[in-house]
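# sharing a model that was predicted from the sequence below.
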Amino acid sequence: ALTADDEVDAPTVRRLARLAPWFVFHRAIDEVLRRRPVEEVVADLAALGARRVLSSGGASTALAAVDTLAALRIACARADVELCVAGKVGPDNLLDLLTRTGASQFHAASSVRGLPDDDLLVDRTRLFPPEPCVVPDKVRRL
């Protein structure tokens, strides 16, 4: 919920928080974090009623923004806002992200683009076009 200027759309966030308090401010925070201090952004979201954010720290991967994510975790904890770290999180970097950010929630990348080998398909029907498909082995490794 951002404005045309990539700022938090306060009326929309306030309304979402009132109607669906479980909503997640989903990666839109990353756009705002590129221009404003972490503490200020989180304080604004908390004042509007947001209680959970999903962020990669403003980078394409969580590992590329661990310092921002660590600061975001602290700001979120102070404002009673949950942080879920996203951005190519997987079994190869989860422990590093956990250690370096201090976060306790992660949105893992457990899919691949296109149709994987038949033995990896969760749903063996091919009714849908090639979309991300969950790979059970990636989920198990998490």
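Great, that's in hand. Numbering: from 1, shown residues only.
# same for the longest strand along the chain, what does it pack against?
Secondary structure of the chain per DSSP state E: the longest strand is strand 82-89. Judged by 3 or more Cβ pairs under 8 Å, 6 or more residues apart in numbering; DSSP states H and E, strand 82-89 is in contact with strand 52-55, helix 66-78, helix 94-101, strand 106-108. The C-beta positions use only the backbone N, C-alpha and C, and glycine is treated the same way.
# ok, the residue nearest the centre of the chain - contacts?
Central residue of the chain (Cα atoms, centre = their mean): L54, 2.8 Å from the mean position. Going by Cβ atoms under 8 Å, 6 or more residues apart in numbering, L54 touches 24-27, 29, 84, 86, 107.
# now the longest strand of the chain against helix 94-101, angle please.
Orientation of strand 82-89 against helix 94-101 (axes from the mean of the first three to the mean of the last three Cα atoms, to 10 degrees) gives an angle of 130 degrees.
# that older thread, quick one: pLDDT of the residue nearest to the centre of the chain?
Looking at L54, its pLDDT is 97.
# gap between it and P136?
Here L54 is placed at a distance of 23 Å from P136 (Cβ to Cβ, to the nearest Å).
# dump the contacts of L54 into a markdown table; add distance to N93 as well.
Formatted as a markdown table, the contacts of L54 follow (distance: Cβ to Cβ, whole Å):
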| residue | distance to N93 |
| --- | --- |
| V24 | 21 |
| F25 | 23 |
| H26 | 21 |
| R27 | 18 |
| I29 | 21 |
| C84 | 15 |
| A86 | 12 |
| H107 | 13 |
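# nearest to D5 among the residues you listed?
Relative to D5, the closest of these is I29; by Cβ to Cβ it sits at 15.0 Å.
# what about F23, how many residues nearby?
By other Cβ atoms under 10 Å, the residues close to F23 number 16.
# I'd assumed it was in a strand, is it?
No - going by DSSP: H, G, I helix; E, B strand; the rest coil, the assignment for F23 is coil, not a strand.
# got the contact list for it?
Counted by Cβ under 8 Å, 6+ apart, F23 has contacts 16-17, 50, 52.
# D6 too?
31-32, 35.
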